[in-house]
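**Student:** Mind folding the following:
(one chain, ligands or ions: 1)
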Amino acid sequence: DSECGEANEAENGSLDAATTGLAFQEEPEIAQPNETAERPFAGPAILWGILSSEVSPQAMNDGSVNFPESEVLDMDAIVNIWLAAGYDCQLPLEETAASPAVTDAMLMDGGESMQPYQSPVPICPYLIKESPGKGQGVFAARHVVKGERVLVDKPFFVVTKPYNARTVLEEFERMPFARRQQYMQLHCPNRSDNTNMIDVMCIFEANCFNIGSAAAMFLTATRFNHSCLPNIYYSWSEKRDEIVLHSMTDIPKGEEMTICYGRAFCTRDQRQSELRIYNFYCGCPACQTETASGKASESRRLVMKALNDQIIMFQSMLNEALLVYGLQDPLMPVLQLIELIKEEKLHGELMTPYRDAADYLRGRGNFEEALTFAHLELEEEVVCLGNDSDVVYKTIEYIEGLEQVFEKAKGAEMQECEETEELEPGALDDRDNDPTDSDAEIQSPEQTHGATAPEEQKQKQKQNPLQKQKSPENPTPTSKRSQSGRIPKPNTSHTAATVELGKNPEGTRRTNAKTPVSTRAASTHGPRVSVSSARNE
Ligand SMILES: C[S@@+](CC[C@H](N)C(=O)[O-])C[C@H]1O[C@@H](n2cnc3c(N)ncnc32)[C@H](O)[C@@H]1O
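**Tutor:** The predicted structure is shown next:
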């Protein structure tokens, strides 16, 4: 039996050739594992121990095994041995160490000191077992800390999109027999007794992940069940050709680890309808709308959806259009969305609005607050994607860019202050009292977009020669308090800011694409994968 423990009901190899037009070649049985192999050790060490009998159990146990560079293991052999031996991660496990974090060093050298990800506890954090009413599921085999890399999985079956039954079956047919066996052992919500072709498609639909231009299946990642309040974030690394799963919160030993198959910013009915293709009804706390907490979640998500739509609309509008229509400050829905996401504990959804806030503030010339949000984004990314992620590198670059413009702006302001002081001693004091200079003051939308009409702005500048129009090209530091020259520490209580739509340095990242791929993060932190029917894309 395989790790899933699920009987392979279908008769492998008997795919109906007459129906599919595909020949189905029998291949030799998979290799049996070493009967004498013990199983007191975890993960790769077990496999390496099986394949290399010279390693002492003690060395494997205390982590002193050095896997020789020359020993490149054949992944197929590993998987077959692993599965045939029935190994999983049900091991005596220790409690845990600290969560990975963004270090000052990482920020100081622009990411050069970033190391390959290392698990705080070198013991497999999960086990796969029956999850009542859901088939198999993945559970915490020990206490898992926030930000741990729970799993890295390579696809074993990939079909280019758009796919159809024929292309899926053709790819299926190309796989070696042992792989087809593994495929057939994956979860099939409606397994038929004799029509394997239908089972192949049913398994595909229930288990495939969108990975950019393709849909892919994984042996272990597919075992994660869904929750609308997930504790695991998954991302697809194009470069490394693997799916990476991280814990978004601390997960106590024994708790199920879940991912979100669909969109987060929508109502229960919308979510349930999107999940229909997986043939189950989600009973997570957010879907139990008859309870008080379910009701609260439902109202939050309704507002989140509205805010998200509003942000998408703002991002597609030009500054001028916002001014003409006198629409509200576009930062406000972003800040509200951030607060609701935090209340709802949808941690994986924070990265995009944090960047949105940073972009808006940067566009406004408020670099200090932009930096604060960029740091918050970075922290979330390290938790959800790992400190070796390309996205993290890019965010560090973004922060560096922001720091540079911030420094430049401070230099310009200092120079201007000096010049003005020479001309008009005492002008600085006036400036400090000038109400138009407060970056921490909230202004109403009318104040932002109405009262600061070009004529009036000119007038203000006349009155106050120190105040420049805030724009990325002609930036003005936010206040004298922000001139410490240090990277501001993240501060979540943001009340600031009059902003205008800034130029998003990475282009428009929000999409309204009809896809179950969650929210707008797709192109920011993506390609974001989703267990979903790739045909929807
Ligand atoms: C990708 S698989 C997940 C692993 C699967 N449970 C297994 O046994 O391998 C998706 C299937 O798991 C089941 N499932 C996932 N999340 C569920 C949930 N929250 N409640 C009930 N069933 C769920 C559904 O049958 C769905 O089609």
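**Student:** out of everything not next to it in sequence, what's closest to the residue of the stretch 1-150 of the chain found nearest the ligand?
**Tutor:** The minimum distance from the stretch 1-150 of the chain to the ligand, using C-beta to the nearest ligand atom, falls at Gly135 (2.8 Å). All C-beta spots, glycine's among them, are computed from the backbone N, C-alpha and C. Leaving aside its sequence neighbours, Gly135 sits nearest to His187 (C-beta to C-beta, 6 or more residues apart in numbering; 5.0 Å).
**Student:** thinking again about what came up before, so the residue of the stretch 1-150 of the chain closest to the ligand bridges to which residues?
**Tutor:** Gly135 has these beta-bridge partners by DSSP bridges: Ser131.
**Student:** in this structure, which ranges drop under the pLDDT threshold?
**Tutor:** 1-122, 193-195, 318-328, 423-537 (pLDDT under 70).
**Student:** try 50
**Tutor:** 1-57, 59-105, 428, 430-537 (pLDDT under 50).
**Student:** which residues in it form strands?
**Tutor:** Using DSSP state E, the strands of the chain run over 126-131, 135-140, 149-153, 157-160, 209-211, 214-217, 225-226, 232-237, 242-247, 256-259.
**Student:** Near the ligand, which residues of the stretch 51-200 of the chain? Just list them.
**Tutor:** Residues of the stretch 51-200 of the chain lying close to the ligand (C-beta under 6 Å from any ligand atom) are Gly133, Lys134, Gly135, Gln136, Gly137, His187, Pro189.
**Student:** Generate a ChimeraX selection restricted to the buried subset of those residues.
**Tutor:** To isolate the buried ones among these in ChimeraX, judged by 16 or more other C-beta atoms under 10 Å, type:
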select :135,136,137,187
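**Student:** of all the residues of the stretch 51-200 of the chain next to the ligand, which comes closest to Glu368?
**Tutor:** Taking C-beta to C-beta as the measure, Glu368 lies nearest Gly137 of those, at 45.1 Å.
**Student:** what separates the closest one from Asp388, distance-wise?
**Tutor:** 28 Å (C-beta to C-beta, to the nearest Å).
**Student:** cool, Glu368 as well?
**Tutor:** With the distance defined as C-beta to C-beta, Glu368 ends up 29 Å from Asp388.
**Student:** What of Glu421?
**Tutor:** From Glu421 to Asp388 the distance is 49 Å (C-beta to C-beta).
**Student:** So the two - more neighbours on which side?
**Tutor:** The neighbour count for Glu421 versus Asp388, taken as other C-beta atoms under 10 Å, is higher for Asp388 (19 against 12).
**Student:** Now the more buried one, what are its backbone angles?
**Tutor:** Dihedral pair for Asp388: phi -100, psi 10, per degrees, to the nearest 10.
**Student:** Dig out what the residue nearest to Ala221 when sequence neighbours are not counted forms beta bridges with.
**Tutor:** Nearest residue to Ala221, sequence neighbours excluded (C-beta to C-beta, 6+ apart): Asp153, at 4.3 Å. Beta-bridge pairing of Asp153 under DSSP bridges involves Ile243.
**Student:** returning to what we had before: is it possible to get the strands of the chain out as TSV so that each row also shows distance to Arg355?
**Tutor:** As requested, the strands of the chain are exported to TSV (distance: least, C-beta to C-beta, whole Å):
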stretch	distance to Arg355
strand 126-131	30
strand 135-140	30
strand 149-153	23
strand 157-160	30
strand 209-211	22
strand 214-217	26
strand 225-226	26
strand 232-237	15
strand 242-247	18
strand 256-259	22
